[in-house]
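> Sharing a sequence plus its predicted fold:
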There are 2 protein chains.
Amino acid sequence: ARPKVGYFYAGIDENNIISKKLKSKKVSEIMSIPVLLTEETTVYNAIVTMFLEDVGSIYITNNGYLSGVVSRKDLLKSTIGGIDINKIPVGMIMTRMPNIVLANPNDSISEAVKKIIDHEVDSIPVVEIELKNEKEYYKVIGRISKTNIARLFVELCGE
Amino acid sequence: ARPKVGYFYAGIDENNIISKKLKSKKVSEIMSIPVLLTEETTVYNAIVTMFLEDVGSIYITNNGYLSGVVSRKDLLKSTIGGIDINKIPVGMIMTRMPNIVLANPNDSISEAVKKIIDHEVDSIPVVEIELKNEKEYYKVIGRISKTNIARLFVELCGE
């Protein structure tokens, strides 16, 4: 039997529907507020901030623009590395630009999740690009993490 | 127009299809291999294991059965807490049974993700229950984490 216009057979197109739905959602729809610190913050204070804000990564800025990222893993490594975490600034142990994976608020969620998986990170900063003297600067406007994805998953399974 | 049997209108049932698909998958289909240590392991060695295995949580056993969980957060807290991480056993700082959220291999993935979100944990141990003298013991057979969920998400968006 040939399906009428506007109807289609579920068995065949089921995966297409899911894929289309997940691809149509944008990063800006599910992103969280980013936690930002400056490069001069001590490693100890970055750890305290991580506990207070309960996030897995903190984004580091210099003159208001993204310059690095520190994760729980980076901080844990530094605490057993024999450095003085009360003196060393977080700028010394962070992963520095341009070695950071970024998302755009208009990216599809599926693109962002793919980046998170491919680069084995817990979250990626959502940025807006500003041009100054022909150089690109990144303003951090959000954070998209595995938690956001898991929450979306629960929502899609919704009651 | 009334849809024929076997066909239905996409606009209305789209969310149902997604929900049904996500609910039909079982934890056992996407779970990872668990990383296990005994209670006597030092905190320092637990941290080293966490880096070597690159996991967010380690499950702790006693006589082969689940007795606790340590997360990156627990380990980070202990490194700045002024204890001797080379001497203190992980059993002293772990979250102890019965305060641990568990998954069954036959649970739907949607149930497991809901537990991860509701209890704000990165992963939950997948266990099989063994009865001994009318007491329940838990054998750890897997691990289900936000990473597994994100990977499933990428797969569902698949090419």
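Sure thing, it's come through.
> is chain B contacted by stretch A:38-51?
Yes. Contact between stretch A:38-51 and chain B, assessed by CB under 8 Å from any CB of the partner chain, occurs at A:44, A:47, A:50-51. For every residue, glycine as well, the C-beta is placed using N, CA and C.
> for chain A, what spans make up the helices?
Along chain A, the stretches classed as helices by DSSP state H are A:10-24, A:27-30, A:43-53, A:72-79, A:109-118, A:146-156.
> Just list the residues touching the residue positioned nearest the centre of chain A, thanks.
The structure's chain A has its C-alpha centroid closest to A:Ile124; by CA atoms, centre = their mean the separation is 2.1 Å. Shown in contact with A:Ile124 (CB atoms under 8 Å, 6 or more residues apart in numbering or on different chains): A:100-103, A:112, A:115-116, A:143-145.
> Adding distance to chain B, write the residues you listed out as CSV.
Output for the contacts of A:Ile124, formatted as CSV (distance: CB to the nearest CB, whole Å):
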residue, distance to chain B
A:Ile100, 18
A:Val101, 14
A:Leu102, 17
A:Ala103, 14
A:Ala112, 10
A:Lys115, 10
A:Ile116, 6
A:Arg143, 14
A:Ile144, 11
A:Ser145, 8
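> ok, back up a step: just the pLDDT at the residue nearest to the centre of chain A, thanks.
Note for A:Ile124: predicted pLDDT of 97.
> A:Val5 now?
We have a pLDDT of 56 for A:Val5.
> before we move on, the earlier item: quick one: the residue nearest to the centre of chain A from B:Asn62, how far?
38 Å (CB to CB, to the nearest Å).
> What of A:Gly142?
From A:Gly142 over to B:Asn62 (counting by CB to CB), the distance is 43 Å.
> Give me the more crowded residue out of the two.
When A:Gly142 and B:Asn62 are compared for neighbours, A:Gly142 comes out ahead with 21 against 15, by other CB atoms under 10 Å in any protein chain shown.
> Kindly state the beta-bridge partners for that one.
A:Val126 (DSSP bridges).
> what's the spacing between it and chain B?
Look at A:Gly142 and chain B: by CB to the nearest CB, to the nearest Å, they are 17 Å apart.
> give the contact list for that residue.
Contacts of A:Gly142 (CB under 8 Å, 6+ apart): A:27-28, A:31-34, A:103, A:105, A:125-126.
> Filter these down to the buried ones.
A:27-28, A:31, A:34, A:103, A:125-126 (16 or more other CB atoms under 10 Å in any protein chain shown).
> low pLDDT regions in chain A?
Within chain A, the set of residues satisfying pLDDT under 70 comprises A:1-15, A:18, A:159.
> if we go to 90?
Along chain A, the parts satisfying pLDDT under 90 run over A:1-24, A:81-82, A:153-159.
> What number of residues are in the vicinity of A:Arg96?
14.
> Wait, it touches A:Leu66, no?
No. Assessed by CB atoms under 8 Å, A:Arg96 is found out of contact with A:Leu66, at 10.1 Å.
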